[in-house]
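# Here is the input, now give the coordinates:
(one chain, ligands or ions: 2)
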Amino acid sequence: MFNNRSRIKELLTSDKTNYQTTVMGWVRTFRNNQFIALNDGSTNNNLQVVVALGSLDETTIKRITTGACIKAVGEIIPSLGKGQKVELIANSVEILGDSDAEKFPLQPKKHSLEFLREIAHLRFRTNTFGAIFRVRHALAFAVHEFFNKKNFVYLHTPIITASDAEGAGEMFKVTTLPLDGTAPKNEDGSINFKDDFFGRSTNLTVSGQLEGELAAMAFSDIYTFGPTFRAENSNTARHLAEFWMIEPEMAFSDLEDNMNIAEEFIKYIIKYAMDNNREDLEFLSQRLEEEEKSKPQNERSEMGLIEKLEFVVNNDFERITYTEAIDILRESNHNKKKKFQYLINEWGIDLQSEHERYLVEKHFKKPVILTNYPKDIKAFYMRQNDDGKTVAAMDILAPGIGEIVGGSQREERLDKLTQRMNEMHIPTEELDWYLDTRRFGACPHAGFGLGFERMVLFVTGMGNIRDVIPFPRYPKSASF
Ligand code: ATP
Ligand code: MN
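Ligands and ions are numbered 1, 2, ... in the order given. Below you'll find the predicted structure:
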């Protein structure tokens, strides 16, 4: 058996000393031909491995370079140096994988996030990305824990779909037809998908919601957690072409139930990360503080990262209607002084990210749930309110991010739903399977979608969504 090693995190957090053990990991630095800072990814803290003078031959010493992978066997002793409780005095060091110091792109110094994005295959080996992806893992685990405790069924919805109806965003086509112009055509010149793999036109999914609703009409409560795709040319720090979404769908629920569970859910997963990834969050908090030093005073955040997370967990989200939000925005000095790029004049417009952030960061200074949007800027399946103008939608806006959740109570009344679909030119024949839920045992139900990366952005305090997914896909970029 090869893998009889101790994890560095366990060694560093235990008070036990004076015993033999084996560690394996990657060399971060090697000082004075004697002190190895070793990291195995279990924590950002390195184990100091001390090579006893004269115990290693010259060639092995030369091969202990930044990035190299080694196995060290020796005794754990109380550390003489500052900053760590224990260290390992190595009797033997074996090189598992060399790393040419001249060529290894990660030097023991600070690299820019932009540079690290270009070497995303190696950036896991930095402190920042080590912390980010351990936190991402914790959040993902907490998602499943939260819903499992509430007896939700985890539903795997399809990634390839034929339905193009939701209009959540531009879709990526999935096809095996030739792209050289020889694909079969209809009389009108359009592609004839009858000969395509699925015998019809197919896309990568933008959301698992419609399928999720079908299952909620049997299990009561379900959630999805999977990749979704948007082929929109959104070159922002909040949009990816491939991102993960969590979409719970609850039978016997109205808009208020929906808001309650969404708020409880967000608080739960943040709390989970705070309880289980304290060290990583403290590291990220410090990173953010450093980064903010280079910003002008008025752009710095008022709270530190951990303070902000605690605040969100311990305070109620503000709940207001779209109409109230429009009034606040219209009357704001920001609007009057024309500081918005898109000025707020009339009821009915879609809110831009600058408006969302104004409400959250300047006006309420806490997460905000906006409800009851105009029906014309929302999807066909949202439940129509009695005023004839608005739907039972809710978006949750988070500081520094803007929209993090989009959800609604669903329209369960068949006649209202089909009428809306006709108004919006959504073909009812294609969604006949969806309409069946309204034909056979419909009930009030609701759900929402949380963009997982936006959540990870929020919790890690990072500024760009491309830095919180291992291998980001965005316009003109799909490396690795
Ligand atoms: P936005 O207005 O920010 O583009 P949206 O209205 O298109 O968002 P929805 O279709 O409601 O978003 O999707 C639900 C959630 O998925 C959003 O609240 C957000 O958290 C996340 N999300 C949407 N688009 C993206 C994207 N391109 N990259 C990452 N996350 C996204
Ligand atoms: Mn969008």
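# those helices in this protein, which residues are they?
Ranges of helices in the chain, per DSSP state H, are 8-13, 58-63, 113-118, 127-149, 209-219, 255-276, 278-293, 305-314, 322-331, 333-336, 353-357, 414-423, 432-439, 452-460.
# tell me what the second one is packed against?
Contacts defined by 3 or more Cβ pairs under 8 Å, 6 or more residues apart in numbering; DSSP states H and E place helix 58-63 against strand 86-97. C-betas here are computed from N, CA, C, even on glycine.
# and the stretch 301-450 of the chain, which residues reach ligand 1?
Residues of the stretch 301-450 of the chain lying near ligand 1 by Cβ under 6 Å from any ligand atom: E403, I404, V405, G406, G449, L450.
# Export those to TSV and append columns for neighbour count and pLDDT.
Converted to TSV, these look like this (neighbours: other Cβ atoms under 10 Å; pLDDT from 0 to 100):
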residue	neighbour count	pLDDT
E403	18	95
I404	26	97
V405	24	98
G406	21	97
G449	24	98
L450	23	98
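# As JSON lines, these with distance to E282 would be great.
Putting these into JSON lines (distance: Cβ to Cβ, whole Å) gives the following:
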{"residue": "E403", "distance to E282": "28"}
{"residue": "I404", "distance to E282": "23"}
{"residue": "V405", "distance to E282": "27"}
{"residue": "G406", "distance to E282": "32"}
{"residue": "G449", "distance to E282": "31"}
{"residue": "L450", "distance to E282": "25"}
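# just the residues you listed now: which is nearest ligand 1?
Of all those, G406 has the smallest distance to ligand 1: 2.7 Å, by Cβ to the nearest ligand atom.
# Which strand residues bridge that closest one?
D395, G449 (DSSP bridges).
# what's the most buried one of the helices of the chain?
helix 452-460 (a mean of 25; mean count of other Cβ atoms under 10 Å).
# To Q48, which of the helices of the chain lies closest?
Across those, Q48 has its closest neighbour in helix 8-13 (9.8 Å, Cβ to Cβ).
# and the closest one, what does it pack onto?
Helix 8-13 sits against strand 19-31, strand 47-51, strand 86-97, with contacts defined as 3+ Cβ pairs under 8 Å, 6+ apart.
# ranking those strands by burial, who's on top?
Highest mean neighbour count among the helices and strands packed on helix 8-13 (mean count of other Cβ under 10 Å): strand 47-51, with a mean of 23.
# In contact with M250: list those residues for me.
Shown in contact with M250 (Cβ atoms under 8 Å, 6 or more residues apart in numbering): A216, S220, D221, D257, N258, I261, H445, A446, G447.
# Apply 7 Å and report the result again.
A216, D221, D257, I261, H445, A446, G447 (Cβ atoms under 7 Å, 6 or more residues apart in numbering).
# Run through the residues that contact the fourth one.
Residues touching I261, when contacts are defined by Cβ under 7 Å, 6+ apart, comprise P248, M250.
# ok, it to ligand 1 distance?
Using Cβ to the nearest ligand atom, to the nearest Å, I261 is found at 15 Å from ligand 1.
# Do you know the pLDDT at that residue?
On pLDDT, I261 comes in at 98.
# do the same with the third one
Here, the pLDDT recorded for D257 equals 98.
# Excluding chain neighbours, what is closest to it?
For D257, ignoring the flanking residues on the chain, the nearest one in space by Cβ to Cβ, 6 or more residues apart in numbering is A446 at 6.3 Å.
# ditto for the last one
Closest residue to G447 apart from its sequence neighbours, by Cβ to Cβ, 6+ apart: E249 at 3.6 Å.
# Correct me if wrong: M462 contacts V468.
Yes. Between M462 and V468 there is a contact at 5.5 Å, judged by Cβ atoms under 7 Å.
# Identify the contacts common to the two.
I132.
# Show me the shaky parts of the stretch 101-250 of the chain.
Scanning the stretch 101-250 of the chain with the threshold set as pLDDT under 70 gives 164-168.
# where do the strands sit along it?
In the stretch 101-250 of the chain, the strands defined using DSSP state E, counting those that start in this stretch lie at 153-154, 160-161, 173-174, 202-204, 221-229, 242-251.
# Can you tell me which of these is nearest to R134?
R134 lies closest, by Cβ to Cβ, to one member of those: strand 242-251, at 16.6 Å.
# Adjacent strands (with direction) for the closest one?
Partners of strand 242-251 in the sheet, by DSSP bridges, are strand 221-229 (antiparallel), strand 445-451 (antiparallel).
# How far away from the center of its chain is it?
Chain-centre distance of strand 242-251: 12 Å, with Cα atoms, centre = their mean, to the nearest Å.
# mind listing what's buried in that strand?
Across strand 242-251, burial judged by 16 or more other Cβ atoms under 10 Å covers E242, F243, W244, M245, I246, E247, P248, E249, M250, A251.
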